[in-house]
Each structure stands twice: as C-alpha cells, then as structure tokens.
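Participant: I would like to see how this sequence folds:
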Amino acid sequence: MILNSRIIGSSNKKIIILHGLLGSLDNWITFGKKLSLEGFEVHLIDQRNHGKSFHSNEFNYTHMADDIKKYLDHHNIQFVSILGHSMGGKTAMLFSLIYPDSVDKLIVVDILPISYERDYNLIFDSLLKIDLTTIKSRNDFNLHLKKYFEEESFMLFLSKNLKRTNEGRFTFKSNIKVLQKEINNITAEINHNNSYQKEIIFIKGEHSDYIDKDKLKLSQNLFPKYKLSIVKNAGHWVHHDNSDEFFSICISNL
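Facilitator: Model (predicted):
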C-alpha cells in the first residue's frame, strides 16, 4: 500500500516531509506551501497508522523506511531531500542509511538516532479513556483533554487526530491502540551496519532536551558529518514555536 500524501508544487527539486508521533501531514501544510514558493515540489506524507494512510499492526522504523521507498518508486522519484520531525526524523535517518544514494539533503528536527526514555502513558490514556460516541463537537473533546493537559497548542495538536465518519460520528485518524502497543519501537534507537557519509542537519529547539552534546556523540558513528542548528525560543515542536527562524534555517540548508 502507498502512503497518503499531499503534493504541493511541481519541480525537479523534490522534498518529502515526515511528521512526528500522533501528527499528520496537516501539521506541515503552511510550511510546505512556503517551501513550494522557493521552487520545491513538496510531498507532505502521512506515515502508516497516521492521518489518512493505511493502518497496520506492524509498526517500526524498518517498515516505515520501506514505506518511503515504495512511495518514491510509485511516484518515480529517484533522488529526494528529506525533512523529518521527531518520529519522522528517525524514519528519515533509517531511510538514508539504507538508501543513501536516493537522498539529496537530509534535515532532522529535534531527534537523534538514539533511544529515548519517555512516558507516553498520559497521552494515550487521554485518548483511549474517552467515549467518542458521546462527543458531539471538537470543543467536547478539548474539554476532556483539559483534564490531562494545560497547554492549549498541544491539545489542539491532539485534537487533529479526530475525524467524522460518514454517519457523523467522531473517530480517530491515528491507529491509537497499535501506537500505544508499539511505543517501544518508536522510542528505540536506529541501528544499521552502514554510516551515512553525507551531511545531515540536526535542528534543535533551544528549550528541548532531545538533543545535547552527549547525545550527539552517541550519534556520530552513524552520522559523522553532522551539523547542528539551534532555533531560539522553541521547544520540541520547533516548526510551530518559531516558524520564521525554523524556515530560514531549513531553506539555507536545502
């Protein structure tokens, strides 16, 4: 099966953008439109078990990297730049290790190819403990999320996982139960026998702890030619927190 995408623009300079956990291509539409104005053909992609892409009980980075290869073959794309955020960044890194000759520029946003110990139980509990048959509006859903979270932007992010069925009921776009079951595959490190000998750009949010000097050292075996850029006044959702500086850094490295 081929991943769902939205293609913006038409150009020989092609780039695919990969969202993070519980995200979708919708999170990147504004960014993608700006990038297309700079002469790029932008492929915004829903990864498996997210957005409008297919659901599967198999969920790890090997499968997700293979999904990207199938997508590129389907669209007859032989050479592409890749930008990936968080989980999408790990997909991008593994793809680049397996298919280095297919990659032009590689930008990875606020993630490294290492394992992370993060507790996602609260997030999954907030989504799985709601009876969607009782939800009549997105506002009802947001009121439920306020029992768990305070940050309005994060609740808005989670609410984008909702969609209405043809019967008018709410359901989730993302395959929440499988994502919860396979969360250890998402937080796991990227392993490969090869190293990526081209340049990789890591973009870190100033206030995020996903990237630091010690963690970068752990990444050097796989990505020896790395460059680090830091976006000021930004956390893990760098593209949301400081979109102008983030875009400037991206475009200068593409």
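Participant: got the residue ranges for the strands in the stretch 1-150 of the chain?
Facilitator: Per DSSP state E, counting those that start in this stretch, the stretch 1-150 of the chain carries strands over the ranges 5-8, 14-18, 41-45, 80-85, 103-109.
Participant: so which of those strands gets nearest residue 182?
Facilitator: Of all the strands of the stretch 1-150 of the chain, it is strand 14-18 that lies closest to residue 182, at 17.1 Å by CB to CB. All C-beta atoms are positioned from the backbone trio N, CA, C, and that covers glycine.
Participant: all helices for the stretch 1-150 of the chain, in order.
Facilitator: Using DSSP state H, counting those that start in this stretch, the helices of the stretch 1-150 of the chain run over 29-36, 61-74, 87-98, 121-128, 138-145.
Participant: any chance of the strands of the stretch 1-150 of the chain in a markdown table, with distance to residue 165, mean pLDDT and mean neighbour count too?
Facilitator: Shown next, in a markdown table, are those (distance: least, CB to CB, whole Å; pLDDT from 0 to 100; neighbours: other CB atoms under 10 Å):
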| stretch | distance to residue 165 | mean pLDDT | mean neighbour count |
| --- | --- | --- | --- |
| strand 5-8 | 21 | 98 | 18 |
| strand 14-18 | 27 | 98 | 26 |
| strand 41-45 | 24 | 98 | 25 |
| strand 80-85 | 29 | 98 | 25 |
| strand 103-109 | 33 | 98 | 22 |
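Participant: Please convert those to JSON lines, extending it with distance to residue 115.
Facilitator: Below are these laid out as JSON lines (distance: least, CB to CB, whole Å):
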{"stretch": "strand 5-8", "distance to residue 115": "29"}
{"stretch": "strand 14-18", "distance to residue 115": "19"}
{"stretch": "strand 41-45", "distance to residue 115": "24"}
{"stretch": "strand 80-85", "distance to residue 115": "17"}
{"stretch": "strand 103-109", "distance to residue 115": "16"}
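Participant: Does residue 68 touch residue 91 like I think?
Facilitator: Yes - counting by CB atoms under 8 Å, residue 68 does reach residue 91; the two are 6.7 Å apart.
Participant: Common neighbours of the two, please.
Facilitator: Between them, residue 68 and residue 91 share these contacting residues under CB atoms under 8 Å, 6 or more residues apart in numbering: residue 18.
Participant: Between the two, point out the one with more neighbours.
Facilitator: residue 91 (30 against 27; other CB atoms under 10 Å).
Participant: Could you tell me which residues make contact with the more buried one?
Facilitator: 18, 47, 61, 64, 65, 68, 84.
Participant: Next one: the fifth one from residue 216, what distance?
Facilitator: The reference is to residue 65. 22 Å (CB to CB, to the nearest Å).
Participant: Neighbour count for these two, which is higher?
Facilitator: residue 65 (22 against 16).
Participant: closest one to residue 5 among the helices of the stretch 1-150 of the chain?
Facilitator: Among these, helix 61-74 sits nearest to residue 5 (CB to CB), with 7.1 Å.
Participant: Show me what counts as buried in that closest one.
Facilitator: Of all the residues in helix 61-74, those buried under the rule 16 or more other CB atoms under 10 Å are 61, 64, 65, 67, 68, 71, 72.
Participant: Let me know whether the third one touches residue 103 as I believe.
Facilitator: Okay, so that is residue 65. No - Residue 65 lies out of contact with residue 103 (CB under 8 Å); the separation is 11.4 Å.
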